[in-house]
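*Asks:* Generate coordinates for the sequence data below:
(one chain, ligands or ions: 1)
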Amino acid sequence: MIAVSSEGISSVTTSDASVPLSSNALKANWDMYWSDENVEKHPDGPSVALRELLEEHRWLLPKGRCLLAGCGNGHDAVFLAKRGVPCVAIDFCSAAIEKAQKISEEAGISSFGNLTFAVQDFFTFQPTMRFTVAYERGLFSAIHWSQRQKWAENYAQMIVPQGTLIVILYPLIQRSQPPPYRVTMAECEHYLKRYFVLVRADPNCRCIEGQEGNEILSVWKRL
Ligand SMILES: C[S@@+](CC[C@H](N)C(=O)[O-])C[C@H]1O[C@@H](n2cnc3c(N)ncnc32)[C@H](O)[C@@H]1O
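*Replies:* Okay, the predicted model is just below:
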């Protein structure tokens with residue numbers, strides 16, 4: 001549910017019945033997730049929805065640098081870098097970035113110098129140049145709700161006018177143990193519409209097996 005307070009400050013609550021964790025607790029939670037070798041990490045390859053967009057729908061990304069925020073173990077960054085897209089991929093968990101670097105080395109990508117991984121918090125990251133494209137899968141649902149306005153403002157600042165933002169919204173179905181929290185297209189649009197126009201939404205995009213119907217791929221153009 002999207003609510004506007006008497007001060008005109010927008011806030012979003014969710015039908016997720018769980019109590020939200022604080023920002024610090026969320027960071028600790030992600031650190032634990034990426035450090036625990038016993039937890040199986042999904043997906044263990046690039047996003048099938050992203051592959052479908054670029055390989056089957058032949059969506060053309062504008063030429064230029066791409067930011068991947070909340071990149072996790074880096075499969076999507078490696079996938080894009082292999083396609084010749086210069087990528088800067090960030091995650092605030094060092095354990096995630098270590099895994100990402102290992103995966104990119106195994107894929108032989110690091111030698112092309114096309115891909116940079118960095119341990120960075122999306123909310124304090126200060127890139128030296130704006131990006132032509134940004135892509136994320138699951139950052140919007142991973143952050144604390146109080147950070148969503150800043151999330152949209154950050155992308156607006158970091159992406160060039162007419163640049164592209166690809167957001168894969170996930171999960172759409174409530175999880176028994178969030179984060180990530182259940183998100184909706186309406187919530188995402190609420191924050192982005194001031195800076196971006198929606199140019200594509202794939203509610204029936206491909207998902208990994210067992211996750212069908214749990215993702216929406218959306219493409220936004222910076223105003
Ligand atoms: C749901 S996971 C998605 C990971 C990856 N994009 C994927 O599709 O598998 C969310 C990721 O966002 C990262 N994250 C959460 N808050 C962040 C922040 N403020 N700055 C950078 N990364 C963040 C987490 O560490 C985690 O790797």
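
*Asks:* host element of the residue most central in space within the chain?
*Replies:* Nearest residue to the geometric centre of the chain (CA atoms, centre = their mean): residue 136, 2.3 Å. Assessed by DSSP states H and E, residue 136 sits inside strand 131-137.

*Asks:* Over to residue 160?
*Replies:* strand 159-169.

*Asks:* so where's this structure shaky on pLDDT?
*Replies:* Within the chain, the stretches with pLDDT under 70 are 1-20, 110-112.

*Asks:* what do you get if the cut-off is 80, keeping everything else the same?
*Replies:* Where the chain drops to pLDDT under 80, the residues are 1-21, 42-43, 110-113, 175-178.

*Asks:* how about stretch 132-141, does it get close to the ligand?
*Replies:* Yes: legend: contact between stretch 132-141 and the ligand by CB under 6 Å from any ligand atom is shown at 137-139. Quick note: C-beta positions are derived from backbone N, CA and C, even for glycine.

*Asks:* repeat for stretch 209-218
*Replies:* No: Stretch 209-218 stays clear of the ligand (CB under 6 Å from any ligand atom), getting no nearer than 9.7 Å.

*Asks:* From one end of that stretch to the other, what's the distance?
*Replies:* End-to-end span of stretch 209-218 (CA to CA, to the nearest Å): 20 Å.

*Asks:* which parts of that stretch are buried?
*Replies:* Neighbour counts over stretch 209-218 (16 or more other CB atoms under 10 Å) mark 211, 215-218 as buried.

*Asks:* Would you state the strands of the chain in chain order?
*Replies:* Secondary structure of the chain by DSSP state E: the strands cover 2-4, 10-12, 66-69, 87-91, 115-119, 131-137, 159-169, 196-202, 216-222.

*Asks:* Rebuild the ones you listed as TSV, extending it with distance to residue 28.
*Replies:* Conversion of the strands of the chain to TSV gives the following (distance: least, CB to CB, whole Å):
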stretch	distance to residue 28
strand 2-4	28
strand 10-12	23
strand 66-69	19
strand 87-91	15
strand 115-119	15
strand 131-137	21
strand 159-169	24
strand 196-202	31
strand 216-222	29
